[in-house]
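[1] A predicted structure for the sequence below; I have some questions about it.
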Amino acid sequence: MSEKILLALSTFPDVETARRISNQLIAERLAACANIFPAIESIYRWKGKIETGSEMIAFFKTSEDRQPAFQEKLRSLHPYELPEIIFVPVTAGLPDYLRWVAEMCTVEREEEDF
């Protein structure tokens, strides 16, 4: 498979925001799917203070060629001043699944899905 797949991570203030943004990213074929994990606790330093908060985290599967557009769109939709957007290369996985991710992130793809 020539298409490189990425796992993208981002945190959100609540599940509704995570769902809304995930749906838009998938609708625009910037991600093949999203997994939302509710109720994580985040501890971080922000503007000179240690902060804690309850957040949601989402894992997105996308292709390397869609990464710039994915990042730009997520940043524009995200409510945080500085959103967490991290990409991790997927170096191995079920070939059929990785091929599906690449196909779902293809703009020219027909509307028929698996």
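    On my side now, so go ahead.
[2] And residue 61, how close does it get to residue 28?
    When Cβ to Cβ, to the nearest Å is applied, the distance between residue 61 and residue 28 equals 14 Å. In short, each C-beta sits where N, CA and C put it, glycine included.
[3] Who has more neighbours out of these two?
    The residue with more neighbours, out of residue 61 and residue 28, is residue 61; 23 against 14, by other Cβ atoms under 10 Å.
[4] Contacts only, for that one.
    By Cβ atoms under 8 Å, 6 or more residues apart in numbering, residue 61 lies in contact with 5, 6, 7, 8, 31, 32, 33, 34, 90, 101.
[5] Okay, now the unreliable bits of this protein?
    Within the chain, the segments meeting pLDDT under 70 span 1-2, 109-114.
[6] ranges for the strands of it?
    For the chain, the strands defined by DSSP state E occupy 5-12, 33-46, 49-63, 86-90.
[7] Looking at these, which one is packed in the most?
    Highest mean neighbour count among those (mean count of other Cβ atoms under 10 Å): strand 5-12, with a mean of 20.
[8] and that strand with strand 49-63, angle?
    The directions of strand 5-12 and strand 49-63 differ by 150 degrees, with axes from the mean of the first three to the mean of the last three Cα atoms, to 10 degrees as the criterion.
[9] start at 10 instead
    I'll keep to 10 as the first residue from here, and by that count the last item is strand 14-21.
[10] and strand 14-21, what other elements does it pack with?
    Packed against strand 14-21, as judged by 3 or more Cβ pairs under 8 Å, 6 or more residues apart in numbering; DSSP states H and E, are the following elements: strand 58-72, helix 76-86, strand 95-99, helix 104-113.
[11] Out of those, which gets nearest to residue 33?
    When the helices and strands packed on strand 14-21 are compared for distance to residue 33 using Cβ to Cβ, the nearest one is helix 76-86, at 6.4 Å.
[12] residues of the closest one that come out buried?
    The neighbour-count check on helix 76-86 (16 or more other Cβ atoms under 10 Å) flags 76, 78, 79, 80, 82, 83 as buried.
[13] Right, I'll leave it there.
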